[in-house]
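Chemist: output the structure for:
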Amino acid sequence: MNSDTYKTITTSSQGIYKAKGSRFVSFAVPVSGLEEIKPIIEKIKKEHYEARHHCYAYMIGHERIVWRVNDDGEPSGTAGKPILGQINSYGLTNILIVVSRYFGGTLLGVSGLINAYRSAAASAIQNTETVEKTIHEYYEITFPHVVMNYVMKILKEENLGQSNQTFDLECSIILEFRVSVREKVLNRLSRINGLKYNYIDTR
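Modeler: Next up, the predicted model:
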């Protein structure tokens, strides 16, 4: 994997781990934004209302810097962190894993809980498919018509995706960049008189 790509899961999946009468039912769900997290957790809690704990971890974004863990009443560090550990172990992002625990009456201890939540999370990941996706950034460039030949020469050399082209006295094009080449190409384009660029989106 390089700076142009990230790994995620393609479909939702379930897993299970059993220890001393307790059942740990796990759910791995692909997500793309924080607003999706709470409704999914609430749905799982409603469907598995007899479970004593619903612990989770998520990772969002190709930079893998937006994340959270929640132990939901289990001893601190015994549930959310082991779940996140499996997300990190597989190098995944844009994923939520929830593990619902049905208590079996026997305490597992700290190491037993850590192993159970880790194993349940791994089970859910192993039951879905992972995919490597390419990250693209989108910029709009605007430039005077008189410099069009210089602009088009660079775009052809760099083999960039183009859309929403407008050619008039003032021209504009939406460009699609791979992250690894963005800086080099924008530096080349910015040397052209009158050319301006604006960031639009990353996906």
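
Chemist: by contact count, what packs against the helix or strand where residue 120 lies?
Modeler: In this assignment (DSSP states H and E), residue 120 forms part of helix 109-126. In this structure, helix 109-126 packs against strand 13-19, strand 22-30, helix 80-89, strand 95-102, with contacts taken as 3 or more C-beta pairs under 8 Å, 6 or more residues apart in numbering; DSSP states H and E. For every residue, glycine as well, the C-beta is placed using N, CA and C.

Chemist: deepest in the core, which of the ones you listed is it.
Modeler: Highest mean neighbour count among these (mean count of other C-beta atoms under 10 Å): strand 95-102, with a mean of 25.

Chemist: which secondary structure elements does it contact?
Modeler: The elements that strand 95-102 packs onto, with contact taken as 3+ C-beta pairs under 8 Å, 6+ apart, are strand 22-30, helix 37-47, strand 53-60, helix 80-89, helix 109-126.

Chemist: next, the angle from the fourth one to strand 22-30.
Modeler: Regarding helix 80-89 and strand 22-30, their directions subtend 50 degrees when assessed with axes from the mean of the first three to the mean of the last three C-alpha atoms, to 10 degrees.

Chemist: kindly report the same for the last one.
Modeler: Computed by the same axes, to 10 degrees, the angle separating helix 109-126 from strand 22-30 equals 40 degrees.

Chemist: format the helices and strands packed on strand 95-102 as JSON lines; extra columns: mean pLDDT.
Modeler: As requested, those are arranged in JSON lines below (pLDDT from 0 to 100):
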{"stretch": "strand 22-30", "mean pLDDT": "97"}
{"stretch": "helix 37-47", "mean pLDDT": "98"}
{"stretch": "strand 53-60", "mean pLDDT": "98"}
{"stretch": "helix 80-89", "mean pLDDT": "98"}
{"stretch": "helix 109-126", "mean pLDDT": "97"}
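
Chemist: what's the closest of these to residue 170?
Modeler: Set against residue 170 and scored by C-beta to C-beta, these come closest in strand 53-60, at 37.5 Å.

Chemist: now whichever strand or helix holds residue 152 - C-alpha only, PDB.
Modeler: Under the criterion of DSSP H and E, residue 152 resides in helix 148-158. The C-alpha trace of helix 148-158 is given here as PDB (Å, rounded to 0.1, in the frame of the first residue of the first chain):
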ATOM      1  CA  MET A 148      -4.300  27.200 -23.000                       C
ATOM      2  CA  ASN A 149      -1.600  25.400 -25.000                       C
ATOM      3  CA  TYR A 150       0.800  25.500 -22.000                       C
ATOM      4  CA  VAL A 151      -1.800  24.100 -19.700                       C
ATOM      5  CA  MET A 152      -2.900  21.300 -22.000                       C
ATOM      6  CA  LYS A 153       0.700  20.300 -22.700                       C
ATOM      7  CA  ILE A 154       1.200  19.700 -18.900                       C
ATOM      8  CA  LEU A 155      -2.100  17.900 -18.500                       C
ATOM      9  CA  LYS A 156      -1.300  15.600 -21.400                       C
ATOM     10  CA  GLU A 157       2.200  14.900 -20.100                       C
ATOM     11  CA  GLU A 158       0.900  14.100 -16.600                       C
END
